[in-house]
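>>> give me a model of this one.
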Amino acid sequence: MKTAKVISIIGHPIFQPTWMFLLLAGNWRLTLIVFAMTCLIPGLVIVMMKRWKLISSLEMEDRDDRPGALFVLLMFLYAAIRFFSRLHIPPFFNFYLTSVLLVTALAFVISFFWKISLHSLGWGNLAACLFVMATMSMRMYLPHFIASILLTGIVLAARLKLKSHSNAQIYSGLAVGFSTVIIMYFILLV
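Residues are numbered from 1 along each chain as shown. I've put the predicted structure just below:
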């Protein structure tokens, strides 16, 4: 159970933009900016929301805690997209950040009605982005895509072991996260 909790924390989707930027750009200074804009600052705001009793738990086990936290993430993701669109970074990273923004917006809307797995959404999104990269003449990302599939399985198994979600919440999150990127790819890049 303790291992599943550690995997769940390390595999939290709030860290994924930082990992993806490190993978795509390899620039530590810009990676720190990504970390600050998409993880550190929104994470601190969410901790303050807990302190001010706007949410009942940082784990957001209660569906009602999710919209506020997801709205905070949406604001900072939008700011990050605006900031990085002015810099010379790999174009696919802007595609990735836009897909994260869209998946987070979908999670925001869904959270008013149902508790979908945010971990599944994030890992489906990440795996799909690496799949698209691996198929767009960047075959060097094929090992990354394969690794993302294995990591997705490990993280989602940990979420199930913790009984954080039902199978339906896990699989629907994975399907929505993955399919959103594929649809974006056909609309924006093909």
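
>>> going by C-alpha atoms from here, please, whenever you check contacts or count neighbours.
OK.

>>> lowest-pLDDT helix or strand in the chain?
Ranked by mean pLDDT, DSSP states H and E, the weakest helix or strand in the chain is helix 16-24, scoring a mean of 89.

>>> who's in contact with that one?
With C-alpha atoms under 8 Å, 6 or more residues apart in numbering as the test, helix 16-24 has contacts from W28, T31, L32, V34, F35, T38, C39, P90, F93, L97, G122, L126.

>>> touching, the fourth one and A80? I think so.
Same thing as V34. Yes - using C-alpha atoms under 8 Å, V34 makes contact with A80 at a distance of 7.2 Å.

>>> now do the buried residues in the next helix-or-strand element following the least confident helix or strand of the chain.
Downstream of helix 16-24, the first helix or strand assigned by DSSP states H and E is helix 28-35. Buried residues in helix 28-35, counting neighbours by 16 or more other C-alpha atoms under 10 Å, are found at L30, T31, L32, I33, V34, F35.

>>> between all of those residues, which two are separated the most?
Within those, L30 and F35 form the most distant pair, 8.6 Å apart (C-alpha to C-alpha).

>>> need the contacts of helix 16-24 in a markdown table with distance to K115 and pLDDT, can you?
Output for these, formatted as a markdown table (distance: C-alpha to C-alpha, whole Å; pLDDT from 0 to 100):
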| residue | distance to K115 | pLDDT |
| --- | --- | --- |
| W28 | 35 | 87 |
| T31 | 31 | 91 |
| L32 | 31 | 94 |
| V34 | 27 | 94 |
| F35 | 26 | 96 |
| T38 | 22 | 96 |
| C39 | 22 | 96 |
| P90 | 34 | 77 |
| F93 | 28 | 87 |
| L97 | 23 | 94 |
| G122 | 14 | 97 |
| L126 | 20 | 97 |
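
>>> and the two most separated of those residues?
Going by C-alpha to C-alpha, the pair spanning these furthest: W28 and G122, at 22.6 Å.

>>> and S148, what is it in contact with?
W123, L126, A127, L130.

>>> ok, the last one - contacts?
L130 makes contacts with Y141, L142, H144, F145, S148, as judged by C-alpha under 8 Å, 6+ apart.

>>> give me phi/psi at it?
Here is the backbone geometry of L130 (degrees, to the nearest 10): phi -70, psi -30.

>>> likewise the second one?
When quoted as degrees, to the nearest 10, the phi and psi of L126 stand at phi -60, psi -50.

>>> count the neighbours of it for me.
26 (other C-alpha atoms under 10 Å).

>>> go on, the one 10 residues further on?
Summarising burial for M136: neighbours were counted as other C-alpha under 10 Å, giving 11.

>>> identify the residues contacting it.
By C-alpha under 8 Å, 6+ apart, the contact set of M136 is empty.

>>> tell me how far it lies from V72.
Distance check for M136 against V72: by C-alpha to C-alpha, to the nearest Å, it reads 33 Å.

>>> with L121 instead?
17 Å.

>>> if you count surrounding residues, which of these two has more?
L121 (28 against 15).
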